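Peer 1: fold the stuff below for me.
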Amino acid sequence: MHQGSCLCGAVRFEVSMPLPPPDACHCQECRKFSGHYFVSTDVFRSAVTVHGSENVTWYRTDKVRRGFCSTCGSSLFWDPPHDKDWTAIALGCFDPPTHTQISKHIFVANKGDYYEITDDIPQSPQFPKN
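Peer 2: Okay, here's the model as predicted:
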């Protein structure tokens with residue numbers, strides 16, 4: 001069982017499965033949502049329990065919705081269309097230990113100009129087709 005929360009604790013969550021290796025998304029939307037690139041792990045919706053869901057505000061774009069705490073503003077969730085059986089949770093919101101490591105950088109063609117990616121983790125200019 002993995003647990004986590006927003007900064008103020010108004011939203012808490014539990015994930016009842018091992019956390020898959022996360023990706024680091026460098027697209028402009030994720031950077032604006034989180035303030036930097038967004039690292040998240042994709043978990044089955046059925047494995048997630050959210051406490052304080054009334055404190056989650058959703059911002060919808062054309063294809064996804066992004067959830068944040070309406071009290072403290074913490075970026076929490078990246079939610080694809082509901083025909084998918086998974087959702088993404090911000091790795092920084094989990095209580096340690098997570099027992100996982102970033103597995104790939106995605107949308108690096110859109111990364112901010114103020115930083116370099118200097119690790120040896122695989123990079124994809126857009127989203128990898130695998």
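
Peer 1: contacting residues around Cys25?
Peer 2: Tyr37, Phe38, Val39, Ser40, Ile106, Phe107 (CB atoms under 8 Å, 6 or more residues apart in numbering). No exception for glycine: its C-beta is placed from N, CA and C like everyone else's.

Peer 1: redo those as TSV? Include secondary structure and pLDDT.
Peer 2: Output for these, formatted as TSV (DSSP: H, G, I helix; E, B strand; the rest coil; pLDDT from 0 to 100):
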residue	secondary structure	pLDDT
Tyr37	coil	96
Phe38	strand	97
Val39	strand	98
Ser40	strand	98
Ile106	strand	97
Phe107	coil	96
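
Peer 1: which one of the residues you listed has the most neighbours?
Peer 2: Counting neighbours by other CB atoms under 10 Å, Phe38 comes out on top of the contacts of Cys25 with 26 neighbours.

Peer 1: now do the phi/psi pair for the nearest residue to that one once chain neighbours are set aside.
Peer 2: Excluding the flanking residues, the one nearest Phe38 by CB to CB, 6 or more residues apart in numbering is Cys30, at 3.7 Å. Torsion angles at Cys30 (phi, psi; degrees, to the nearest 10) stand at phi -70, psi -40.

Peer 1: before we move on, what about the one 4 residues further on?
Peer 2: Phi and psi for Ser34, reported as degrees, to the nearest 10, are phi -110, psi -20.

Peer 1: measure stretch 54-67 end to end?
Peer 2: End-to-end distance for stretch 54-67: 11 Å, by CA to CA, to the nearest Å.

Peer 1: which parts of the chain are helices?
Peer 2: Applying DSSP state H to the chain gives helices spanning 28-34.
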